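J.: what follows is a predicted structure for the sequence shown.
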There are 2 protein chains.
Amino acid sequence: MPRTRKTEFTSSDNCIAEYAKALAHPARVAIVRLLAQKQTCICGDIVDELPLAQSTVSQHLKALKDAGLIQGSIDGTKVCYCLHTEALQQIRDLFGNLFDRLIDHSCC
Amino acid sequence: MPRTRKTEFTSSDNCIAEYAKALAHPARVAIVRLLAQKQTCICGDIVDELPLAQSTVSQHLKALKDAGLIQGSIDGTKVCYCLHTEALQQIRDLFGNLFDRLIDHSCC
DNA sequence: AATATTCATCGTAATTTTGCGATTAAATAA
DNA sequence: TTATTTAATCGCAAAATTACGATGAATATT
């Protein structure tokens, strides 16, 4: 009997994967950590903290913004970025739900 | 004055990014969730649960194994996979440290 | 021994990601 | 007004990811 196969991933799995993809590069992790550490919203100083060109950092900022992890607000010629708390809370919840129930399953 | 630029990412950021990359595809998230739900170690049944060809699923399993998230043990012609608890604990810790301190920073 | 099952690996194509310099747009400063 | 600063976007090249069928290796079954 030929086996039937699922046709899609669940929206939860897609959502988690999308968030994970947003953090799947050390530059983007560094940006998030920077914004988490400094209580003030940093902007172009992020570029100075990363071993990448300005245009590349801008791309990573856009990726984080598209994923909903950060927000940017214009202040003169500068742009001030900060974390989007609700999204990060959701990430914590999603990853928590994913991992919480597996504390003592050593089956191999 | 020309600005100095960092030359590397921290090992912590690299580590988090690597873990995030392992979960940056819905198929791999689905595999982890499957292994977290079933207390028994599943093997090729994973293929039937995913909308992907066997060879593709095998690649995703390898990616998860290379990242240290799962382990596989051979049982006859079958292979039994299970989660690698320590790595998942480390992920929880790393992401927890990254996100914990940012509860009430709304600066934008 | 011959066949079947299970799963990893190979080879390849299509797509996505990453990175940079150059350019552009917008606001400020001179 | 004319420069200068800041940051986004464009265009492009290199690398990585994703997906599949075909093949191979190992064990189990007949």
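T.: Perfect, thanks for sending it. Note that the coordinates shown come from a computational prediction; the quantities given were computed from them, not determined experimentally.
J.: CA only for contacts and neighbour counts going forward, please
T.: Will do.
J.: now do stretch A:42-57, average pLDDT.
T.: Taken as a whole, stretch A:42-57 has an average pLDDT of 94.
J.: correct me if wrong: A:Ala22 contacts A:Leu64.
T.: Yes - at 6.0 Å, A:Ala22 and A:Leu64 qualify as touching, with contact defined as CA atoms under 8 Å.
J.: which residues are in contact with both of the two?
T.: Shared contacts of A:Ala22 and A:Leu64 (CA atoms under 8 Å, 6 or more residues apart in numbering or on different chains): A:Arg28.
J.: how about the residues of chain A by DNA strand C?
T.: Contact residues (CA under 7 Å from any atom of the strand) of chain A with DNA strand C: A:Ala24, A:His25, A:Ala27, A:Pro51, A:Leu52, A:Ala53, A:Gln54, A:Ser55, A:Thr56, A:Asp75, A:Gly76, A:Thr77.
J.: helices or strands up against the worst-scoring helix or strand of chain A on mean pLDDT?
T.: Within chain A, no helix or strand scores below helix A:85-99, which has a mean of 84 by mean pLDDT, DSSP states H and E. Helix A:85-99 is packed against helix A:11-22, helix B:26-37, helix B:85-100, with contacts defined by 3 or more CA pairs under 8 Å, 6 or more residues apart in numbering or on different chains; DSSP states H and E.
J.: in the sheet, who's paired with A:Ser73?
T.: On the basis of DSSP bridges, A:Ser73 is bridged to A:Cys80.
J.: could you identify the most distant pair in the residues of chain A next to DNA strand C?
T.: Maximum pairwise distance among the residues of chain A next to DNA strand C (CA to CA): 31.4 Å, between A:Ala24 and A:Gly76.
J.: the two: who's more crowded?
T.: Neighbours were counted for A:Ala24 and for A:Gly76 using other CA atoms under 10 Å in any protein chain shown; A:Ala24 has more, 24 against 7.
J.: which residues are in contact with the residue in chain A that DNA strand D sits nearest to?
T.: Of all residues in chain A, A:Gly44 sits closest to DNA strand D, at 3.0 Å by CA to the nearest atom of the strand. Neighbour list for A:Gly44: A:Lys78, A:Val79, A:Cys80 [criterion: CA under 8 Å, 6+ apart].
J.: between these, which is nearest B:Gln37?
T.: For the contacts of A:Gly44, the closest approach to B:Gln37 (CA to CA) belongs to A:Cys80, at 41.7 Å.
J.: how many residues are close by that closest one?
T.: Other residues lying near A:Cys80 total 18 when counted by other CA under 10 Å.
J.: how much space separates it from B:Ser11?
T.: Distance from A:Cys80 to B:Ser11, counting by CA to CA, to the nearest Å: 27 Å.
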